[in-house]
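Undergrad: Pasting the sequence and the predicted model now:
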Amino acid sequence: MSKAQVFVDTNRTIAPISPLLFGGFVEHMGRCVYEGIYDPKSPNADAQGLRKDVLEALRDQSYTVIRYPGGNMLSGYNWLDGVGPKEQRPRRRELAWQSFESNQFGTNEFMEFCAAVNAAPMLAVNMGTGGIQSASDIVEYCNAPAGTYWSDLRVNHGFRTPHNVRYWCVGNEMDGPWQIGHLDATAYGNKALEAAKMMKLQDSTIKTILVGSSSDRMPTYPEWDRTALEIAWDHMDYLSMHYYAGNQENDTASFLASAVLFERFVDTLEGTLRYVKARQRSKHNVYLSWDEWQVWYKGDPTQGNWTEAPHLAEEIYNLEDALVVAQWLNVFLRKSHVLKIACVAQIVNTISWLQTRSTGLLKQPSYYAFKLVSNLARGEALDVLVKAPLLETKQYDAVPALDVSASYDVETQQGAIFLVNRSQTESVTTDILWQDGKTVQVDKAWQLAGSNPKEANSWESPNRLVANAISTPAVDNGRATLVLPPLSFTVLTTHTA
Ligand code: AHR
């Protein structure tokens with residue numbers, strides 16, 4: 001059995017944890033919207049057609065912000081198709097996913113959905129086929145008080161009070177040749193700048209998000225980010241990042257070290273932000289918004305063959321995927337000085353840990369990892385020191401067996417520690433040592449663990465992998481010892497006297 005030490009000091013802080021790190025993404029893709037959140041024919045639907053069981057699961061996960069409506073679909077979308085009387089909304093060919101779009105769910109339904117899950121809306125404007133006028137119009141439609149053309153249209157549609165949408169993505173993955181209306185970085189930067197200018201003239205309180213690289217694998221990364229930032233810096237508040245992780249090579253040791261890659265991606269873009277800020281001689285800050293992240297590689301089709309709500313990219317997630325998700329969340333805390341928004345893509349059915357059938361809901365293991373962190377990471381992220389045995393990996397050389405993050409809320413004096421044991425074979429006896437001299441007690445502990453990285457939940461065995469409450473270790477003289485089994489995610493909550 002190996003040994004490790006985790007040193008925690010509530011004075012050694014990184015930054016306040018932005019609540020918006022626990023966001024989600026809803027795209028008109030596959031069954032995310034239809035049969036996912038909106039399913040009026042389901043026996044589980046409420047009066048607005050929203051799935052009550054899905055809403056409950058999403059509330060349990062405490063999403064703080066939801067991005068909508070795309071995604072690749074955004075770049076061919078006319079937001080006007082999705083507002084007004086439902087019977088008059090056009091049925092369209094949705095080109096990005098080759099599916100039929102009924103438009104029965106649109107901007108106003110999305111606002112009702114966000115209210116139902118207590119999350120802030122984050123809308124995206126079309127920079128593919130869409131122009132800067134249309135981007136400005138939807139801000140007026142959503143945010144302006146009654147009395148103008150677009151705000152009165154909203155009132156006529158039944159929404160007198162403005163939606164006050166604060167977060168706006170200026171396009172989606174415009175660096176990708178697959179994107180409808182794809183542009184080079186200079187052309188996109190110029191268009192995004194003019195769009196954001198008009199959008200902020202409509203409402204100076206909004207925050208805008210510039211499209212960054214679709215992943216670190218893009219040939220234009222990170223030059224795209226630098227170029228677009230240099231053009232649009234003053235009008236943008238966040239730079240978007242997207243990344244989907246996978247174990248295509250079936251190299252579990254490397255996959256379980258994915259935090260290395262995630263940190264590298266953030267570090268490079270943080271460097272890019274600092275460089276551009278310095279070159280601009282600017283006092284303005286731009287932060288990172290990781291507004292699409294998830295494990296996605298198992299190969300369900302992504303083309304709908306001209307059907308409505310096809311089963312696209314519905315992944316079966318296993319234990320190793322959940323441990324990668326847990327590490328991703330650890331990275332969010334460790335990078336909380338620069339990373340301020342993150343949205344898992346997507347929240348139900350499509351690339352999601354939540355799957356619906358007409359009368360049932362399946363929660364996959366990574367659902368529990370997200371739920372623990374989104375509900376317990378509060379206050380400030382702590383700079384935790386970890387001394388753990390090293391594991392060799394093909395992709396990242398030697399990595400520590402443990403991946404750890406921690407939070408502490410000075411107001412409530414409550415803390416949380418999140419520990420992944422990425423070893424596939426070894427338990428790690430771990431001493432947690434609090435260095436700040438305060439009297440600490442562990443209140444609760446949970447663990448998600450299994451013996452086989454490929455183990456998953458199924459409709460037949462839905463609770464094979466869940467987060468179980470485990471016994472709490474005693475703290476003696478600022479030290480607690482616990483055994484972390486291989487392939488596990490353990491969470492402790494604490495309070496200090
Ligand atoms: O989330 C699925 C797709 O992944 C999104 O539409 C796109 O932005 C990304 O490539």
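TA: The structure has been received and is ready for your questions. These numbers come from a predicted model, not from an experiment.
Undergrad: which bits of the stretch 251-400 of the chain sit near the ligand?
TA: E292, A345, Q346, I351 (CB under 6 Å from any ligand atom). Heads up, the C-betas are built off the backbone N, CA and C, glycines and all.
Undergrad: who's in contact with the first one?
TA: Meaning E292. By CB atoms under 8 Å, 6 or more residues apart in numbering, E292 lies in contact with F25, G71, H242, Y243, Y244, C343, A345.
Undergrad: Which helix or strand contains the third one?
TA: It stands for H242. strand 238-245 (DSSP states H and E).
Undergrad: same question, L361
TA: strand 360-363.
Undergrad: buried sites along the helix or strand just after that strand?
TA: Next along the chain after strand 360-363, taking DSSP H and E as the criterion, comes helix 365-376. Within helix 365-376, the residues scored as buried using 16 or more other CB atoms under 10 Å are P365, S366, Y367, Y368, A369, F370, K371, L372, V373, S374, L376.
Undergrad: can you tell me which residues contact the first one?
TA: In this case it means P365. Contacts for P365 (CB under 8 Å, 6+ apart) come out as Y317, N318, L319, D321, A322, W353, L448, A456, N457, L465, V466.
Undergrad: How much space separates the nearest residue to the last one once chain neighbours are set aside from the ligand?
TA: With sequence-adjacent residues excluded and distances taken as CB to CB, 6 or more residues apart in numbering, V466 is closest to Y368, at 5.6 Å. Distance of Y368 to the ligand, computed by CB to the nearest ligand atom, to the nearest Å: 22 Å.
Undergrad: Give the full set of residues in contact with Y368.
TA: Here Y368 is in contact with A322, L448, L465, V466, A467 (CB under 8 Å, 6+ apart).
Undergrad: CSV for the residues you listed, including distance to N126?
TA: Below are the contacts of Y368 laid out as CSV (distance: CB to CB, whole Å):
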residue, distance to N126
A322, 34
L448, 39
L465, 39
V466, 40
A467, 39
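Undergrad: Just flag the most distant two among the residues you listed.
TA: A322 and V466 (10.4 Å; CB to CB).
Undergrad: so what sits against both of those two?
TA: Joint contacts of A322 and V466 (CB under 8 Å, 6+ apart) are P365, Y368, L448.
Undergrad: What strand or helix carries the last one?
TA: The reference is to L448. Going by DSSP H and E, L448 is in strand 440-449.
Undergrad: So which residues make contact with the helix or strand following that strand?
TA: Using DSSP H and E, the next helix or strand after strand 440-449 towards the C-terminus is strand 468-469. Residues outside strand 468-469 that contact it (CB under 8 Å, 6+ apart) are K444, A445, W446, Q447, L448.
Undergrad: Get me the contact residues on the stretch 1-150 of the chain for the ligand.
TA: Residues of the stretch 1-150 of the chain lying close to the ligand (CB under 6 Å from any ligand atom) are E27, M29, G70, G71, N72.
Undergrad: what sits against the residue in the stretch 1-150 of the chain that the ligand sits nearest to?
TA: Nearest to the ligand, among the residues of the stretch 1-150 of the chain, is G71, at 3.0 Å (CB to the nearest ligand atom). By CB under 8 Å, 6+ apart, G71 lies in contact with F25, E27, H28, M29, A96, A124, N172, E292, A345.
Undergrad: Can you give me the neighbour number for the second one?
TA: Residue crowding around E27 was assessed by other CB atoms under 10 Å; the count is 25.
Undergrad: before we move on, back to that, export the contacts of E292 as CSV, with columns for pLDDT.
TA: Listed next are the contacts of E292 as CSV, based on pLDDT from 0 to 100:
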residue, pLDDT
F25, 98
G71, 97
H242, 98
Y243, 98
Y244, 98
C343, 98
A345, 97
